[in-house]
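Student: here you go, sequence then predicted model.
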Amino acid sequence: MYGPRVDAAAFARLAARTRELHLDYTDDELVILAALDTPGKVQDFLNTQVYYNNDHASVEQDETAIPPRQVLRTAHAHCFEGAVFAYAVNYLHGHNPHWVLLEATQDPDHNLVVVQDPQTGLYGSNAHSTWPHLDGRPMEYPTLWSIVETYIPWYISDLTHDPQDLTLVGYSDPFDLTTKFGTDWLASDKPIWDIYYTYVDASVRFHYLHDNSNETHLYPLVRALKDQWIQLDAQGKPFVSVSDLPRAAQELWHAFWPVFEKWPTRGRAREIEQEFVRVAGTSPLDLRDNADDLQYYLAAGYRIEQLLTESTPT
């Protein structure tokens, strides 16, 4: 499919780039990568050639962190894996990609790879999703915010499936993966757990979607650890330390759970939850889930300090 679309000069440029970075892609792999020389072509490849890797289809399945090379070889990727593939290809073609994380409440976050057209100054994105309208955007947006807002109406709660129950709450400043993690991972055959687990730390600042101020906030898990809202017990198991929450949040926490329903968009639980978010910047459910998910992070051998220390370039 892709061989006829690549001219010799384009192949030579990409081959030189990978040699310069000491990346050992095969000629067959380089043919496909050379053909994906624009963000639009990368998005088309993700949409038409890469199956969605649902690594949470059952409790028996292990999580995956497939590197870009294995996405190319297996034609499978979930949201994060599709984004690192898009980042890698755009980087190799010199498009200066940046990563943006869309922050959601009671829903998985979403990974975007943002690229700016050097001639027009307009922005576009690459993304991979199993849900309609959550893939990439063409390079026709004047600002990062104008891209982000196109995702808001399509990010519907996994709990309720109610089109009115939208779950995006914020977005990160753009950041550069190669600044923190170098470039060896671009052609790695091994899972990229270091990136998967630690790419969002105290160095990444977030903006609330409907806040016109210039104030930023930390990722909710990072803030909860920093402020000791989540701690480790004597056995090293994470838990929510309710007594360390702000006083108003403590009262709301205790009021929330007795009235909590299976679908938290209904009734008094929803009202309490919204007030808790105003006070603490997160919801009771998200805070509890953050503590639960932290167990997997720790079990994989990573340390809380890695999330609290602002990252430095490799």
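Tutor: Alright, I've got the coordinates. Numbering: from 1, shown residues only.

Student: domain map for this protein?
Tutor: Recorded structural domains for the chain (assignment: automatic domain parsing) are 1-35, 40-208, 220-308.

Student: format those as CSV; extra columns: distance to N214 and mean pLDDT.
Tutor: Glycine gets a C-beta too; all of them are placed from N, C-alpha and C. Output for those, formatted as CSV (distance: least, C-beta to C-beta, whole Å; pLDDT from 0 to 100):
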stretch, distance to N214, mean pLDDT
domain 1-35, 36, 93
domain 40-208, 9, 94
domain 220-308, 16, 93
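
Student: make a markdown table out of those and add mean neighbour count.
Tutor: Formatted as a markdown table, those follow (neighbours: other C-beta atoms under 10 Å):
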| stretch | mean neighbour count |
| --- | --- |
| domain 1-35 | 15 |
| domain 40-208 | 18 |
| domain 220-308 | 16 |
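
Student: okay, now stretch 104-123: how far is its last residue from its first?
Tutor: End-to-end distance for stretch 104-123, by C-alpha to C-alpha, to the nearest Å: 22 Å.

Student: which residues touch the residue lying closest to R17 once chain neighbours are set aside?
Tutor: What sits nearest to R17 in space, not counting adjacent residues and going by C-beta to C-beta, 6 or more residues apart in numbering, is L92, at 5.6 Å. L92 sits next to L14, R17, T18, L21, L33, L186 when contact means C-beta atoms under 8 Å, 6 or more residues apart in numbering.

Student: got a list of contacts for the helix or strand encompassing the first one?
Tutor: Just to be clear, that refers to L14. Assigned by DSSP states H and E, L14 falls within helix 8-20. Applying C-beta under 8 Å, 6+ apart, the contact partners of helix 8-20 are D24, Y25, L30, V31, L33, A34, A35, D37, L92, H93, G94, A187.

Student: could you identify the most distant pair in these?
Tutor: Among those, the pair separated by the greatest distance (C-beta to C-beta) is D24 and D37, at 20.5 Å.

Student: from A280, how far off is A9?
Tutor: Distance, A9 to A280, by C-beta to C-beta, to the nearest Å: 55 Å.

Student: how close does the residue nearest the centre of the chain sit to I32?
Tutor: Geometric centre of the chain, nearest residue: N111, 3.4 Å, by C-alpha atoms, centre = their mean. Computed as C-beta to C-beta, the N111 to I32 distance reads 22 Å.

Student: now swap in F260 and tell me
Tutor: Applying C-beta to C-beta to F260 and I32 gives a distance of 49 Å.

Student: can you show me the strands along this structure?
Tutor: Using DSSP state E, the strands found in the chain span residues 51-52, 76-77, 98-104, 110-116, 123-126, 137-141, 168-172, 206-208, 230-232, 238-240.

Student: the first one - contacts with which helices or strands?
Tutor: Spelled out, that is strand 51-52. With contacts taken as 3 or more C-beta pairs under 8 Å, 6 or more residues apart in numbering; DSSP states H and E, strand 51-52 sits against strand 76-77.

Student: ok, the strand it packs on: who's next to it in the sheet?
Tutor: strand 51-52 (parallel) (DSSP bridges).

Student: gap between the partner strand and the chain center?
Tutor: 17 Å (C-alpha atoms, centre = their mean, to the nearest Å).

Student: ok, stretch 133-147 next?
Tutor: 16 Å.
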